[in-house]
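[1] how does the following fold in three dimensions:
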Amino acid sequence: MRLPWTYHLPLERFLLSLAGDDILLAAREPAIARKETAGMEALLELYNLTGKISRHRRTSPWALLVAHPDLFSLLKARLPGDMSTEFGRFLDSGNTDRLLLKSFLHTRVYRIAASDGAAPSPIVVPILDFLNHDLAGARVHLDGAPDADGRLVIARSARVAMAGDECFATYGLFDGFDSWMRYAFIDASAPFVRSVPLDIELPPLGSIRISNYPRMLDRHELPPALQDLDWFVPRSRRERRDRLEASSLLIPGPGRPDALKRALAFLIDELDPGHPRRRDLAARAEAEIIEANRAFYEKLLAGLRAPSLDCGSLHPIQQGFVRMCELELRIIRDYASRMAS
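    Residues are numbered from 1 along each chain as shown. Next comes the predicted model:
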């Protein structure tokens with residue numbers, strides 16, 4: 001599918017609000033095109049007619065966090081910085097409607113840079129907005145510059161088992177936690193767990209900061225020996241001579257048993273090329289990552305199962321949280337058992 005760039009709806013140029021379970025267009029920038037305004041009005045009408053906000057109130061993990069904000073402290077370390085800061089601000093203020101609207105819009109947004117070197121901006125794209133997610137789905141990209149008749153393009157996706165002829169987009173390289181917190185569904189097919197952020201000390205070599213952004217190196221950016229790891233090697237930058245920051249790391253399922261250790265060895269080589277104890281340091285870092293992630297999900301699961309947590313009508317969302325934690329822990333514990341064998 002190829003849609004003219006002018007079909008996109010720049011979210012930041014509209015002010016939206018809630019009236020009950022309806023989304024209203026409260027204001028728009030004066031210079032915005034009439035076609036864009038008409039497109040946003042039509043899309044909001046479709047959301048309202050299909051009860052999207054009502055469903056979001058019943059199914060979004062953020063609805064449970066509104067009712068039980070103490071849970072937020074147990075999971076915010078695993079959230080990307082923009083969600084943790086902005087959504088946390090709405091939780092602190094008690095602005096429930098603003099949080100629910102923001103978290104709903106977050107499920108519809110693409111972030112696409114309008115030109116080389118420009119920062120990605122949040123847009124909603126009618127038609128593309130209706131595609132479901134699968135890791136095997138296709139990515140949306142901008143073909144050409146917007147002022148040169150550019151097109152938003154998505155290719156036909158690979159066939160997905162048990163899905164017939166449906167075409168899928170990929171929303172990103174997300175695990176069960178990511179899909180649950182971002183999109184209110186649990187992608188149980190994701191064959192990995194994204195690590196919680198942590199600092200790994202590797203004396204006397206230095207340290208590696210593991211962050212929380214799903215930005216991995218593309219296959220063509222990897223050395224030949226690592227081109228089978230295009231999902232697993234993070235982008236990195238040197239903060240100082242003895243410290244490296246990596247975008248994130250993935251704990252793989254049984255299909256990629258050595259991917260984490262090889263990715264760690266690559267990062268250590270970035271920090272100190274040819275280090276003679278690279279394998280030992282990678283094994284030490286691997287064990288630290290597994291323990292930190294196991295502890296994070298076990299603590300969150302305990303909080304979700306606390307006797308004092310009265311969920312009432314939000315019980316199905318609480319059970320969704322539990323299923324997500326159990327899924328992530330299953331992958332982590334399976335990985336740990338393979339380490340020990």
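
[2] which residues are in contact with the residue located most distally from the centre of the chain?
    The centre of the chain is farthest from one residue, residue 276, which by C-alpha atoms, centre = their mean lies 35.5 Å away. Listed by C-beta atoms under 8 Å, 6 or more residues apart in numbering, the contact set of residue 276 is empty. Any C-beta I mention is one placed from the backbone N, CA and C, and that applies to glycine too.

[3] give me the phi and psi for residue 250.
    Note on residue 250: backbone dihedrals following degrees, to the nearest 10 are phi -110, psi 130.

[4] and the closest residue to it other than its chain neighbours, what does it touch?
    Using C-beta to C-beta, 6 or more residues apart in numbering and skipping residues adjacent in sequence, the residue nearest residue 250 is residue 192, 4.2 Å away. Applying C-beta under 8 Å, 6+ apart to residue 192 gives the contacts 175, 231, 232, 250, 251, 252, 253, 256, 331.

[5] now do the end-to-end distance for stretch 224-234.
    One end of stretch 224-234 sits 16 Å from the other (C-alpha to C-alpha, to the nearest Å).

[6] that stretch: how far from the chain's middle?
    20 Å (C-alpha atoms, centre = their mean, to the nearest Å).

[7] and stretch 205-223, by the same measure?
    Distance, centroid of stretch 205-223 to centroid of chain: 16 Å (C-alpha atoms, centre = their mean).

[8] quote the end-to-end distance of it.
    Note: stretch 205-223 ends 23 Å apart using C-alpha to C-alpha.

[9] how about it: buried residues?
    Within stretch 205-223, the residues that count as buried by 16 or more other C-beta atoms under 10 Å are 206, 207, 208, 210, 211, 212, 214, 216, 217, 222.

[10] now, which of those residues lie within strands?
    206, 207, 208, 210 (DSSP state E).

[11] if we take the contacts of residue 192, which one ends up nearest to residue 181?
    residue 175 (10.3 Å; C-beta to C-beta).

[12] can you give me the separation between the closest one and residue 6?
    Noted for residue 175: a distance of 35 Å to residue 6, by C-beta to C-beta, to the nearest Å.

[13] pretty sure residue 332 is in contact with residue 292, am I right?
    No - taking C-beta atoms under 8 Å as the definition, residue 332 is not a contact partner of residue 292, at 9.9 Å.

[14] the more surrounded of these two?
    residue 332 (23 against 17; other C-beta atoms under 10 Å).

[15] and the chain, what are its domains?
    2-171, 176-341 (automatic domain parsing).

[16] relative to the whole chain's centre, how far out is the last one?
    The reference is to domain 176-341. 13 Å.

[17] kindly check the end-to-end length of that domain for me.
    End-to-end for domain 176-341, by C-alpha to C-alpha: 26 Å.

[18] before we move on, what about the first one?
    Separation of the first and last residues of domain 2-171 by C-alpha to C-alpha is 18 Å.

[19] and it, how far out from the chain middle?
    With C-alpha atoms, centre = their mean, you get 13 Å for domain 2-171.

[20] so what pLDDT did residue 148 get?
    pLDDT for residue 148: 72.

[21] and for residue 265?
    Looking at residue 265, its pLDDT reads 93.

[22] with residue 42 instead?
    95.

[23] dihedrals phi and psi, the residue lying closest to it once chain neighbours are set aside?
    Leaving aside its chain neighbours, residue 42 sits nearest to residue 126 (7.6 Å; criterion: C-beta to C-beta, 6+ apart). Residue 126 adopts backbone torsions of phi -50, psi 150, taken as degrees, to the nearest 10.

[24] number of nearby residues for residue 126?
    For residue 126, using other C-beta under 10 Å, the count is 15.
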